[in-house]
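*Asks:* after the sequence you'll find the predicted model.
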Amino acid sequence: MKRLENAKLLEFDQRFAVLSPKQFVSYDLDEPDDFPESLKESFEIVVVDPPFLNEVSFTPLNCL
């Protein structure tokens, strides 16, 4: 599989940082606007795969 060099993984689980530290960006659904300024408005496509949605984790996504 071809690696997407410009891809980023916004993820809460720090274990993913070991797999691809240059592409890993720490991200918390509880703080949806808290990520590097350099990434804002820089993506052509975003794929979202939440592992589990409940009322607590879904509420911040209502603004998206």
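*Replies:* Arrived safely.
*Asks:* how about the spatially most central residue of the chain: what's its closest non-neighbour residue?
*Replies:* The structure's the chain has its C-alpha centroid closest to residue 10; by Cα atoms, centre = their mean the separation is 2.2 Å. Nearest residue to residue 10, sequence neighbours excluded (Cβ to Cβ, 6 or more residues apart in numbering): residue 27, at 3.6 Å. In this view, the C-beta of every residue, glycine as well, is placed from N, C-alpha and C.
*Asks:* how many neighbours does that neighbour have?
*Replies:* 17 (other Cβ atoms under 10 Å).
*Asks:* does it touch residue 12 like I think?
*Replies:* Yes - between residue 27 and residue 12 there is a contact at 6.1 Å, judged by Cβ atoms under 8 Å.
*Asks:* check contacts around the residue nearest to residue 10.
*Replies:* The neighbourhood of residue 27, defined by Cβ atoms under 8 Å, 6 or more residues apart in numbering, consists of 10, 11, 12, 34, 35.
*Asks:* show me where this protein dips below the pLDDT cut-off.
*Replies:* The chain contains residues with pLDDT under 70 at 50-64.
*Asks:* now with 90, please.
*Replies:* 1-7, 11-13, 19-20, 28-35, 40-41, 43-64 (pLDDT under 90).
*Asks:* show me the strands in it, by range?
*Replies:* Along the chain, counting by DSSP state E, strands occupy 9-11, 24-26.
*Asks:* now tabulate the ones you listed in CSV and tack on distance to residue 41.
*Replies:* What follows is those, written out as CSV (distance: least, Cβ to Cβ, whole Å):
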stretch, distance to residue 41
strand 9-11, 14
strand 24-26, 15
